[in-house]
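Asks: could you work out the structure for the sequence below:
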Amino acid sequence: MGLPVYTDSHAHLSDLAKGQAEVFQELMAAYAEAWQDPMKPLLVDIGVEAGDFSRRLALLGRHPFLRFSLGLWPGEPALADPHAALASLARDLELAGPDAAAIGECGLDYRHMEAAASVQALLFEGQVALAREGNLPLVVHSREAFADTLAILEGGAGSMPVIIHCFGYGPSEARAFLDRGYFLSFAGNLSYKKAQDLREAIVLVPRERLLLETDAPYMNPEPRRGKPSTPADIGRTYALAAELRHEPIEDLSQSISENARRIFG
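Replies: Numbering: from 1, shown residues only. Okay, here's the model as predicted:
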């Protein structure tokens, strides 16, 4: 089909399925075909709001290469009543059962700051607790909130896998997360002109702790920055990561697929 098929550890596939149905069907067919190969690339569909799992499952269906994460993004709908949002998420997790491969995305966003830091922390800590109780990986959103993100994770994450999604800091923050055993996932902004900190950070990440993602429909890598992205765009991020790390893209792709399968099952 001509589509690049690589593991995408973080995408919002419902947007693609609703907005670009033909592209979505081509991608699903390409991943189904690629699943027959030893590489077995995964797609991970990410939840952001309470009660969205049933809609996502109905829209996307179950596939051997597809995993679902359920979570509450730190935006106004969940932050308006964190306790109610967390209760709804707990019900969604019960409904999802084994379809729930992770909790998230959840975390802190001090760039948009849609609620006070204390309210964001309450929502984040609640999801850390749900992940710990369910022995599920945790997909973390952290924007301009490094210190508080680290403090909350250190206080409650325990031993479950933690993925810092769309890593947006520099080498020193990367080392701090890595020292605690977390995974770092890089998106298409790795290719942006002012992203030198990201390019320096990615070379520090051990192969067994690295993931790549689109964050589709966001973060389209150059030269398509600003246009909606899909998992078909992730090949350019893989190519740049392989170049920066001086690794063959085939080896990088294999290790990231193995990491994703180890984390998400």
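Asks: got the CA coordinates for the worst-scoring helix or strand of the chain on mean pLDDT in PDB?
Replies: Ranking every helix and strand in the chain by mean pLDDT, DSSP states H and E puts helix 13-19 at the bottom, with a mean of 89. Provided in PDB are the C-alpha atoms of helix 13-19 (Å, rounded to 0.1, in the frame of the first residue of the first chain):
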ATOM      1  CA  LEU A  13      -7.100   7.700  16.200                       C
ATOM      2  CA  SER A  14     -10.700   8.700  16.700                       C
ATOM      3  CA  ASP A  15     -10.000  12.100  15.100                       C
ATOM      4  CA  LEU A  16      -8.500  10.300  12.100                       C
ATOM      5  CA  ALA A  17     -11.400   7.800  11.800                       C
ATOM      6  CA  LYS A  18     -14.000  10.500  11.900                       C
ATOM      7  CA  GLY A  19     -12.200  13.100   9.800                       C
END
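Asks: so which bits of it are buried?
Replies: Across helix 13-19, burial judged by 16 or more other CB atoms under 10 Å covers Leu13, Ser14, Leu16, Ala17. To be clear about C-beta, it is placed using only N, CA and C from the backbone, and glycine gets the same treatment.
Asks: what is the burial count for the spatially closest residue to Asp15 that is not a sequence neighbour?
Replies: Using CB to CB, 6 or more residues apart in numbering and skipping the chain neighbours, the partner closest in space to Asp15 is Pro217 (5.0 Å). Residues near Pro217, counting by other CB atoms under 10 Å, number 18.
Asks: list the contacts of Pro217.
Replies: For Pro217, the contacting residues are His12, Asp15, Leu16, Gly19, Pro228, Ser229, Thr230, by CB atoms under 8 Å, 6 or more residues apart in numbering.
Asks: off-centre distance for the least confident helix or strand of the chain?
Replies: Its chain's C-alpha centre and that of helix 13-19 lie 16 Å apart, by CA atoms, centre = their mean, to the nearest Å.
Asks: do the same with stretch 222-241
Replies: The answer for stretch 222-241 is 15 Å, by CA atoms, centre = their mean.
Asks: likewise for stretch 78-88?
Replies: From the chain centre to the centre of stretch 78-88 is a distance of 21 Å (CA atoms, centre = their mean).
Asks: that stretch: which residues count as buried?
Replies: For stretch 78-88, burial by neighbour count (16+ other CB under 10 Å) applies to Ala78, Leu79, Pro82, Ala85, Leu86, Ser88.
Asks: biggest helix in the chain, by residue count?
Replies: helix 117-134 (DSSP state H).
Asks: what does that one contact?
Replies: For helix 117-134, using CB under 8 Å, 6+ apart, the contacting residues are 71-72, 74, 78-79, 82-83, 85-86, 89-90, 93, 100, 102-104, 106-110, 136-138, 145, 148, 152-153, 155-158, 160.
Asks: then stretch 253-265?
Replies: 6-7, 9, 39-42, 44, 67, 69, 101-102, 137, 161, 163, 183, 207-212, 238.
Asks: go again with 7 Å.
Replies: Residues outside stretch 253-265 that contact it (CB atoms under 7 Å, 6 or more residues apart in numbering): 6-7, 9, 39-42, 44, 67, 101-102, 137, 161, 163, 183, 207-208, 210-212, 238.
Asks: next step: those restricted to helices.
Replies: Short answer: these in helices (DSSP H) are Tyr238.
Asks: among the contacts of stretch 253-265, the buried ones, what's the PyMOL command?
Replies: Applying 16+ other CB under 10 Å to those, the buried members can be selected in PyMOL as follows:
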select buried, resi 6+7+9+39+40+41+42+44+67+101+102+137+161+163+183+210+211+212+238
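Asks: Ala101 touches Ser69, doesn't it?
Replies: Yes. Using CB atoms under 7 Å, Ala101 is in contact with Ser69, at 6.1 Å.
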